[in-house]
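Visitor: everything below, folded, please.
(2 chains)
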Amino acid sequence: DTGVSQDPRHKITKRGQNVTFRCDPISEHNRLYWYRQTLGQGPEFLTYFQNEAQLEKSRLLSDRFSAERPKGSFSTLEIQRTEQGDSAMYLCASSPDSFERLSAETQYFGPGTRLLVL
Amino acid sequence: RKEVEQDPGPFNVPEGATVAFNCTYSNSASQSFFWYRQDCRKEPKLLMSVYSSGNEDGRFTAQLNRASQYISLLIRDSKLSDSATYLCVVTSNDYKLSFGAGTTVTVRA
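Guide: Okay, here's the model as predicted:
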């Protein structure tokens, strides 16, 4: 399977613990995105990387959240001191860096990491 | 006001029926428009892009009305496998997708 992969698929943690999620994008895709989805809502944009550069962070990404993409390939999303409100599905997506706008905008999503904070 | 608003449904339709639903968007600078499909507890998957002139992909027809800032999706000859949540998506740049909350469609035998 050459799609976007995420690990772990499920995570249960206690409030106050730190968690880290990993995303492996489609190999030829330079762009990588993180979204968060809560029940009954659509995904909400969190942050965006072009290669290793983090180019935008949403206001949803509080200082407890940090994302990295150190070598421009896989990315990690860390949540420190988790709160119950962090419970959600965290989705990673990737797209090619293309001069053709529609191609660059077509994002391919991974299966997500479902986080439950007790 | 949310950037993208959708009727949440659910739309319950029999197999073979036609179902249509809309979404509205607030940012008049939005450039590109999509419909994504999301099955229960799965990731969103691109169903189709929406072009200004409207476009079809098999049984699916999408329309865009820039003046009124709404997008529609019509599904003809519904199949059981069409049961899903349909997410309306707009973007005003080439990296940040803004999703609606989704419209749930259930096709019954």
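
Visitor: mind listing what residue 69 touches?
Guide: No chain in the question, so chain A it is. Listed by Cβ atoms under 8 Å, 6 or more residues apart in numbering or on different chains, the contact set of A:Arg69 reads A:32, A:49, A:51-52, A:54, A:75-76. For glycine as for every other residue, the C-beta is placed from the backbone atoms N, C-alpha and C.

Visitor: my bad, the chain I had in mind was chain B
Guide: B:24-26, B:28, B:30.

Visitor: can you get me a residue count around the closest residue to chain A within chain B?
Guide: Per Cβ to the nearest Cβ, B:Phe99 is where chain B lies closest to chain A, at 3.0 Å. B:Phe99 has 25 neighbours, counted by other Cβ atoms under 10 Å in any protein chain shown.

Visitor: next one: the one 10 residues further on
Guide: Taking other Cβ under 10 Å as the criterion, the count of residues near B:Ala109 is 5.

Visitor: that one reaches B:Glu15, doesn't it?
Guide: Yes: B:Ala109 lies in contact with B:Glu15 (Cβ atoms under 8 Å); the separation is 5.8 Å.

Visitor: overlap in contacts of those two?
Guide: Common neighbours of B:Ala109 and B:Glu15 (Cβ under 8 Å, 6+ apart) are B:Leu80.

Visitor: could you dump the contacts of A:Arg69 to a markdown table with pLDDT, distance to chain B and neighbour count?
Guide: What follows is these, written out as a markdown table (pLDDT from 0 to 100; distance: Cβ to the nearest Cβ, whole Å; neighbours: other Cβ atoms under 10 Å in any protein chain shown):
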| residue | pLDDT | distance to chain B | neighbour count |
| --- | --- | --- | --- |
| A:Leu32 | 95 | 10 | 28 |
| A:Phe49 | 94 | 10 | 23 |
| A:Asn51 | 92 | 13 | 13 |
| A:Glu52 | 93 | 15 | 14 |
| A:Gln54 | 92 | 12 | 17 |
| A:Ser75 | 97 | 14 | 25 |
| A:Thr76 | 98 | 19 | 14 |
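
Visitor: from these, which two are the most distant?
Guide: Taking Cβ to Cβ as the measure, those span a maximum distance of 15.3 Å, between A:Asn51 and A:Thr76.

Visitor: distance of the closest residue to A:Pro25 other than its chain neighbours relative to chain B?
Guide: In this structure, A:Pro25 finds its nearest non-sequential neighbour in A:Ser94, 3.3 Å apart by Cβ to Cβ, 6 or more residues apart in numbering or on different chains. Per Cβ to the nearest Cβ, to the nearest Å, A:Ser94 is found 11 Å from chain B.

Visitor: host element of A:Ser94?
Guide: strand A:88-95 (DSSP states H and E).

Visitor: listing partners with orientation, what would you give for that strand?
Guide: Strand A:88-95 pairs in its sheet with strand A:31-37 (antiparallel), strand A:108-109 (antiparallel), strand A:113-117 (antiparallel), by DSSP bridges.
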